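1. just the structure for this:
(chains A, B, C and D)
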Amino acid sequence: MENKKSFNITFYLLIIPVLLWLIILIVLPHIDLLISSFQSDSDAGGKVFTLEHYAAFFQSKIYWLTFVNTAAYAIGITILAFIVTFPVAFYLTKVISKKYSSFLALLLLIPLWVGELVTVYGWMIILGDHGVINEFLIYIGLIDKPINMLYTNFSMSIGLLYISMLFMVVPVMSTLESLDDSLIEAASDLGATKWTIFTKIIIPYSMPGITSGGIIVFMLVIGDYVAPDILGGKSSLWFTEQIYNEFLSTFNWGEGAAFGFLLLMISSSIIWLALKLTGQKLEKVGS
Amino acid sequence: MIRSLPNSPVYKYTYRFYVICFFIFLVMPLIAIAVLAFNDSSSVALPWKGFTLDWFFANTDQRTGLLADDGLIQSIFISVKTAFYVATISTIVGIAAALLFEEEKFRLKGLLYFLALTPLVIPGVILGISILLSSTLAGSYIEQKFGWDIAFLSPSFWLVVLGQFSFGATYVMLLVGARLKKFDRTLEEAALSLKATRLQSIWYVTIPFLRPAILGAFVVAFLISFSNFNTTIFLIGSDPTLPVDLYSRIKFSSTPILNAVSFLIVVFITVAALLSLFLNRNKK
Amino acid sequence: MDKILEIKSLTKEFKEFTAVKDVTFDVEEGGFFSILGPSGCGKTTLLRMISGFIEQSKGDILIRGESMNGIPPEKRPVNIVFQSLALFPMMNVRENVAFGLKRQKLKKSEVADRVADMLARVSLQGFENKKVTELSGGQRQRVAIARSLVMKPSILLLDEPLGALDRKLREHMKIELKLLQKELGTTFIYITHDQSEALVMSDKVAVMNKGRFEQIDTPRNLYKNPKTAFVAGFVGESNRLELKSKEGDFITTKDGWKLERPGLDFTPEVLYIRPEAFILSPAQDLTDISKFEVKIKTILFDGSNTKVAAIESTSGAEVLISLPQNARFENLEEGDTVEVGINYDNLKCY
Amino acid sequence: MKKLAISSVAIATLLAGSLYAGNGTLRLITWKGYAPKALVKKFEKETGIKVKVTYSNNEEMIAKLRATRGGGFDLAQPSVDRISFVQKKFHIYHAIDYSKVNTNQITTAMVKAAKKISGVDGKVYSVPYIYGTTGMIVNKKLAPGANDWSDLWNPKYAGKISYRLKRPILIGAAFGMGYNPFALYSDKAAYKKLIEKVTKKLIASKKYVKTYWTSGDTQKAVITSGDVVVESGWDAIGWQVHDKNPNIDFICPKSGALGWIDTFAIPAKSKNIKAAYKWINFILQPKNAAYVTNQSSYMTVSKDAPKYFNDKIKTDFKRSYSQKDIDNIKWYDALPSGFAAIEAKALDKIKAAQ
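-> Down below sits the predicted model:
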C-alpha cells in the first residue's frame, strides 16, 4: 500500500513464501525438465548435451503419431464435453426453478470430488464383458453375447469425458447465471428461432465460460493417465503413458523429460491459441 | 426455452428427458460401485448373488474386508495425512499470495501472478516429473557433495506433500482472492487510522472477513490432494496414498473390497456436500 | 381512428393468485397508450400476454381485428422494449438493430438500408460500429427502441424502459420518446409506475390496481377527474383526509374539520384535495367554494413548485398548499394566518 | 479462526507422531503372492519386526529404486537377469553378504545361477527366491492343437489370444520364430535387428489379440472367462486355473519355456539390512517356502521344501514338465545394458500400432 513505513515487514512476509513456492516448485523444476531433455549419460558417468531424445521423438513414427492422436482426442473430447454438458448447464440455470437447481448443481460436483480413480473404476465395472450393461442387456434378452466395450477407445473416451466434463459445466453455469433472461426474450421478440437465439445470443454470451471450461477440460484430458491406462485398449496409446513408461518402466528420464516438455508445449500452445481466438486472458480462466 | 418463454410439449419433454439421461450417466458409476460393494461374490461383476457385508468386515482366508486389510487402511490414513499437510501449507501460502496480488504493488507483479496461475494449465504428470527430476538432481548433488541423504529430496511422503502443494496453493489463492475482491479496503484503512499496524489490521480485520473463503479453500485443497493421482504417482515412496493404492490394486487384481472403499468415499463426499448445502440454506 | 388493439375480458390466473382480472380496453392506431400502476399490479403480466410470452387464462387479444390466440411471440406484430433494454452485449449498434431483420431473411442491402434509415431517425448516425457498452444511457435507450421499431411492428410495447436511467436523463427521455412516437406514428403501449411519465407522454392512460383497470382516460381527465380513490391518490399529488361523517351539505374529517361540499348523493369515506386546488385569499365574489383559515407552519421552497405546509385553524388538520406562481404571496411567513378557499368540484370525495 | 488454528496444530502433532513407525519395520517391495499374509504375521510375531508390503513388477520396482537412488524400501525382489545392468548404471543395490544368508536352505544350482547372473565386478547382488517359467496357458478343449509360441499368431485362434506386452513376449516370439535371442546378447546390432523382426510379426498379428493382460489376476481372468483360449502365461497361474477348469492348463511351448528366477536384492539405502536378511532366511525355511508354493504354485528354490509340498503341486509339475521340457527351458541370462531401451521401443511400437 502507499504507507511506506508499514510496507516493509508485511510485504516481505507475504512475498517470501510465495517466491519460495513459485521458484522452488514451479520455475526450477521446469528449467530442470528442459535441461534434462537435452542431456544424456556419457560413458564416463557424467552428463552430455544431446538432441537424441527429440530426435527419437521425431524419427519414430509411433511417438509423434501417439502425440497427434492424443492431442486430437483431447480436442475431440473437449468439444464433446461442451456438447454434452451445455444443455444441462442451461437447464439448471435457466429452465428449472432455483429450488431444484442448487440441489442438482451440487449433485454435479459429487463425482468431481469423489476423484478420478473411483469413477474410472466405476466405469470399468459398468463396461466390462460381465459388467452392468452387458449383464443387463443379456438379462432382458437383447443380446446373447457380451458386447466388447471395455478396453477399447470407446471406453477410454467415456472415461475421459466423464472425468473432465464437469469442469466444463461449472464455469459455463456461472456465466449463464449472469445472462439476463430478457436478452433471450428480446431475441425471441425480434423473431429469432431457438437455434438463432442459441447460436447468436447464448453461445456468444457464454463464450468466456466456455473458454475457461474448454481449457481446463483439454488440459485434464491431454494430461490424464488413469483413464487411458485403465479403460484404454490394446491400441489406445496415450502420450502420458509414454512419459509414464519412460520414467516408471524404462528408466530413460532424459527421453521422458523431452516427451514431457513436448506435452507442455502442445498443451500450452493450444491453450494460447484458444485464448487468442476468443480474445481472453489466462487470469480470467482462474476466476 | 427459458422459464418465461412458452415451449412446445415435445421440446419440453425431450429436453427434460435429455437432462435425466445426463444425470443417469452421471451417477451410474457411483451406483454401480455402491451396489457391487454389497454383492456376495468374489468377482466385481453381476449377477447379483445376494447381500453381504463381507467386503467391509470379513477377515477369512477367502475374503478380506476393508477393515481387515491393513494395507488399505494404511493408505487411507496416509492419504488423510497427506491431504491435511497439503491443505494446511497450501492455505497459508495461498492466503499470502492472495493478499500479495490483491493488495500490494511491486515490480514484476504481473509475471509472478502469471506464474502462480500456471499450475492450472500444466498437466499434473508434468508437474510430477519435473519435481521428481529437480529433487533428484538436488538430492544427488547434496549426497555427493556433503554425504547427506535428505529424505524429502527423493520420492517420499514429504515430496508428495510438496508436489501437491505446488498446485494446491493456486486454488487457495484463487478462492481467497475472489473473496478479497469484495473486501471493502476502507475497513483496513480504518484499522490503520486507529493505530493498528499493517499486520494487525490484516490479522484482525482482513483475515476474519476472509474466514468463510479460507475454510472453503482448505476443504478444496484437502479434497484435491485426497484424490490426486497424476502428480503423486511420480513422487510416491514406500507409502502409497489411497488413489495410488487403488490404482495398483485395479491393475493387479480387483475385488469388491475396492468397491467397499470407493463406496465409503462416495458416501463421505455426498454427506459433506449435503451438509454444505444445508448449512448454506440456513445462512440464507 | 381504427382500433389497432382490442383487449376483451383478459384474465390471467397463476397458481396462487390472479394477476390480471377481467381487463377490457382498446388502443387506437398511432396512439400512445400508457398503463400506470404500482409494482405488482399486474401490468407486466398484461404486457407479456399482449406480446405472447404468457398465455392468458381467459379473454381475447385482437390486433387489427385478428385474434392472437395461440400465436407465438415471434409471429405477433408487436415488439418489446425491455426494462433492462436487453441490448446484446456481444454485438455492436448496427448488429443489434439488424438482428430482427436478419431473422426475416431479408436481402442484405435491404437490411442495411433499413438499419441506416432507422438509426438516422433516432439520431444515431455514426454510432453504427460502437459497442453497446460504450454508449450513454440515452443512446442505449434509442438503440433499444430502434431495434424494435425497425421491425415495423403494429404496436411497440415498452416495459418501463426509463426505469434504469437517472432522474435528469429520465426527464429528458420522456420528451424525446414522446416526440419520437409522434414522428414515427407507431402505436406505443407503455407501462410504468411513474405517473409523471404516463401523464407527460400519453394520449391515454389506464390506471391499474390489483389486476384491474381503475380508469382509462386522457391524462388531463385522469388528473382532473379521478374516478376512484386509488386514482386520485396515485395520480398526481394530493392531500388525503379520512372522513368521519356527512351531515347535509357538510362533511367532517376525522380531525374534526368541517367543510361545505354540496351535491353528494352518498356518504364518502375519504377526501382528496390537490395542493394547487387551494385558492389563497379568495376574492369575496367567488361562488361554490368552501372557505376556511389556515396558519402557515413552514414554507417548502422549490422554485416554481414551492408549497407551504399549513394547519387548518379549527381542527389542526395539516395540508400542503401550492403557492401560485406570481409574486403575490412572496412575503408569506411562518406563523401567518391566511384565508383559503376550495371549489366544491375540487373536493374529491370517495 | 483460533479454533481452526488450535485443532490444526493438534491434528498435526497427532499425525506426526504416527509418521515413522520406527526401525522395527521391513519395507518390502515384491510381487503379489510372494509374501503371504500368514507368513508376514508369523514373521512379525517371531522377530517383532513389522513388515510393510508393496506389490509391484520388475519395471516399476527398478524405476522406483532408481528414483529414490536405492531408498524407500529395505528389500526388493527383481528378476535375476534385471539386476546387473541396473546396478552398473545406477548403483541402487547393496552387495549381498552371503555369510549372512543361510545357503544350506537353497538349491545349490540356483545360488550358482544367481551369483553368476547378478554379479558385477566380483560382487553379487541377489539371493534366489522363486523360479518358474513363462510358457503357454491353453484351453485344451477350445484350442486342442496349440502348443508353441507361434500359436500366438495362429489365425485359428483369432480374437481369442492374449499375452502381456512386456519383455517375455519378445523373447518367446523370437523362439517361436525359430531364433535364439539369448545367443545375440553379445551383438547389440544383431539383437536389435531380431527384435525389429519380432516387432513386425507381433504388429501384423495384433488383430488376433483379444487383449494384453497386465497381471497374474488378469491373465487368470481372461482365460477363465473363455474369451481367450490361448495365452502366454506363468506356470503357476496355469495351474491355479487348472484347479477350477481342468480343460485349461499350462504347457511348455515346443520351442522352449522361458525360465526366470526372482530374487532378493537389498536396495542401497535400505534402513534395515538386518531385517532384510532375517526375512530372507525366514521365508526360505523349508516349511515357510513350501507354504508359499502351496498357496501360489510358484516354485521355491528352498532345498527341502518339496517335502512339504502338497500333492497338487507335485502332480501339476509332473503334468506340465516332461524331462525333455525341463532340458529345453531357456533360462534368462543377465540383460546387457542398452538392451532394455531397444525392447521398450519395440513394445511401444506394438502397443501403438492399429
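2. which bits of chain A sit near chain D?
-> Proximity of chain A to chain D, by CB under 8 Å from any CB of the partner chain, involves residues A:41, A:60, A:62-63, A:65-66, A:129-130, A:151, A:233-235, A:237, A:242, A:245, A:247-252. The way it works is simple: take the backbone N, C-alpha and C, and place the C-beta from them, glycine included.
3. any of those residues buried? List them.
-> A:62-63, A:66, A:129-130, A:151, A:233-235, A:237, A:242, A:245, A:247-252 (16 or more other CB atoms under 10 Å in any protein chain shown).
4. cross the residues of chain A next to chain D against strands and list the overlap.
-> Judged by DSSP state E, the residues of chain A next to chain D include residue A:41 as members of strands.
5. name the helix or strand for the spatially most central residue of chain B, please.
-> With distances taken as CA atoms, centre = their mean, residue B:224 lies nearest the centre of chain B, 1.3 Å away. If you go by DSSP states H and E, residue B:224 is part of helix B:207-227.
6. ok, residues contacting the next helix or strand after that helix?
-> Going down the chain from helix B:207-227, the next helix or strand is helix B:232-235, by DSSP H and E. By CB atoms under 8 Å, 6 or more residues apart in numbering or on different chains, the residues outside helix B:232-235 that reach it are A:225, A:244, A:247-248, B:125, B:128-129, B:131-132, B:155-156, B:159-160, B:162-164, B:241, B:243-244, B:247, D:67.
7. mark which of those residues are buried, thanks.
-> A:225, A:244, A:247-248, B:125, B:128-129, B:131-132, B:155-156, B:159-160, B:162-164, B:241, B:243-244, B:247, D:67.
8. and for whatever residue of chain A ends up closest to chain C, the neighbour number?
-> Closest approach between chain A and chain C, counting by CB to the nearest CB: residue A:190, at 3.3 Å. Residue A:190: 28 surrounding residues under other CB atoms under 10 Å in any protein chain shown.
9. correct me, but it touches residue C:97?
-> No - Residue A:190 is beyond contact range of residue C:97, at 9.9 Å (criterion: CB atoms under 8 Å).
10. so what sits against both of these two?
-> By CB under 8 Å, 6+ apart, residue A:190 and residue C:97 have these common neighbours: residue C:147.
11. the helix holding residue B:224: which residues count as buried?
-> Judged by neighbour count using 16+ other CB under 10 Å, the buried positions of helix B:207-227 are B:209-210, B:213-214, B:217-227.
12. picking up where we left off before, so the nearest residue to the residue nearest to the centre of chain B once chain neighbours are set aside is in which element?
-> In space, and not counting its chain neighbours, residue B:224 is closest to residue B:168: 5.9 Å by CB to CB, 6 or more residues apart in numbering or on different chains. Residue B:168 belongs to helix B:157-181 when assigned by DSSP H and E.
13. check which helices and strands that helix sits against.
-> Packing partners of helix B:157-181 (3 or more CB pairs under 8 Å, 6 or more residues apart in numbering or on different chains; DSSP states H and E): helix B:70-103, helix B:109-117, helix B:124-146, helix B:207-227, helix B:232-235.
14. so which of those gets nearest residue D:163?
-> The closest of the helices and strands packed on helix B:157-181 to residue D:163 is helix B:232-235. By CB to CB, the value is 25.4 Å.
15. enumerate the residues of the stretch 1-150 of chain C near chain A.
-> Counting by CB under 8 Å from any CB, the residues of the stretch 1-150 of chain C near chain A are C:51, C:53, C:73-75, C:78-80, C:82-84, C:86, C:88-90, C:99-100, C:103-104, C:147-148.
16. which of the residues you listed are buried, as a PyMOL select command?
-> Of the residues of the stretch 1-150 of chain C next to chain A, the buried ones can be selected in PyMOL as follows, counting by 16+ other CB under 10 Å:
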select buried, chain C and resi 51+53+73+74+78+79+80+82+83+84+86+88+90+99+100+103+147+148
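17. and the residue of the stretch 101-250 of chain C nearest chain A?
-> residue C:103 (4.3 Å).
18. burial count for whichever residue of the stretch 101-250 of chain B sits closest to chain A?
-> Closest contact between the stretch 101-250 of chain B and chain A, by CB to the nearest CB, is at residue B:123 (2.4 Å). For residue B:123, the number of neighbouring residues by other CB under 10 Å comes to 25.
19. over to residue C:16?
-> Neighbours of residue C:16 under the rule other CB under 10 Å: 6.
20. dump stretch B:125-136 to PDB, restricted to CA.
-> C-alpha atoms of stretch B:125-136 as PDB (Å, rounded to 0.1, in the frame of the first residue of the first chain):
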ATOM      1  CA  VAL B 125       2.100 -35.500 -15.000                       C
ATOM      2  CA  ILE B 126       4.500 -32.700 -16.000                       C
ATOM      3  CA  LEU B 127       4.400 -31.200 -12.500                       C
ATOM      4  CA  GLY B 128       5.200 -34.700 -11.200                       C
ATOM      5  CA  ILE B 129       8.100 -35.500 -13.400                       C
ATOM      6  CA  SER B 130       9.600 -32.000 -13.200                       C
ATOM      7  CA  ILE B 131       9.600 -32.000  -9.400                       C
ATOM      8  CA  LEU B 132      11.000 -35.600  -9.400                       C
ATOM      9  CA  LEU B 133      13.800 -34.500 -11.800                       C
ATOM     10  CA  SER B 134      14.800 -31.400  -9.800                       C
ATOM     11  CA  SER B 135      14.500 -33.000  -6.400                       C
ATOM     12  CA  THR B 136      16.600 -36.000  -7.600                       C
END
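21. and the helices in the stretch 51-200 of chain A, which stretches?
-> A:52-59, A:61-90, A:98-114, A:116-127, A:132-139, A:153-177, A:181-189, A:194-196 (DSSP state H, counting those that start in this stretch).
22. give me whichever of those helices is most buried.
-> Most buried of the helices of the stretch 51-200 of chain A by mean neighbour count (mean count of other CB atoms under 10 Å in any protein chain shown) is helix A:116-127; its value is a mean of 26.
23. packing partners for that helix?
-> By 3+ CB pairs under 8 Å, 6+ apart, helix A:116-127 packs against helix A:132-139, helix A:153-177, helix A:226-231, helix B:9-36, helix B:207-227, helix B:242-252, helix B:256-283.
24. now these in CSV, with mean pLDDT and distance to residue A:54?
-> Shown next, in CSV, are the helices and strands packed on helix A:116-127 (pLDDT from 0 to 100; distance: least, CB to CB, whole Å):
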stretch, mean pLDDT, distance to residue A:54
helix A:132-139, 87, 43
helix A:153-177, 92, 27
helix A:226-231, 90, 23
helix B:9-36, 92, 39
helix B:207-227, 91, 33
helix B:242-252, 87, 30
helix B:256-283, 84, 40
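25. of the ones you listed, which is nearest residue D:155?
-> Closest to residue D:155 of those, according to CB to CB: helix A:153-177, at 23.9 Å.
26. gap between that closest one and the chain center?
-> 9 Å (CA atoms, centre = their mean, to the nearest Å).
27. and that helix, what other elements does it pack with?
-> Applying 3+ CB pairs under 8 Å, 6+ apart, we find helix A:153-177 packed against helix A:61-90, helix A:98-114, helix A:116-127, helix A:203-222, helix A:226-231.
28. give the contact list for the closest residue in space to residue C:88 that isn't next to it in sequence.
-> Computed as CB to CB, 6+ apart, the closest residue to residue C:88 that is not its neighbour in sequence is residue C:96, at 5.5 Å. When contacts are counted by CB under 8 Å, 6+ apart, residue C:96 touches C:87-88, C:132, C:143, C:147.
29. now with 6 Å?
-> For residue C:96, the contacting residues are C:87-88, C:143, C:147, by CB atoms under 6 Å, 6 or more residues apart in numbering or on different chains.
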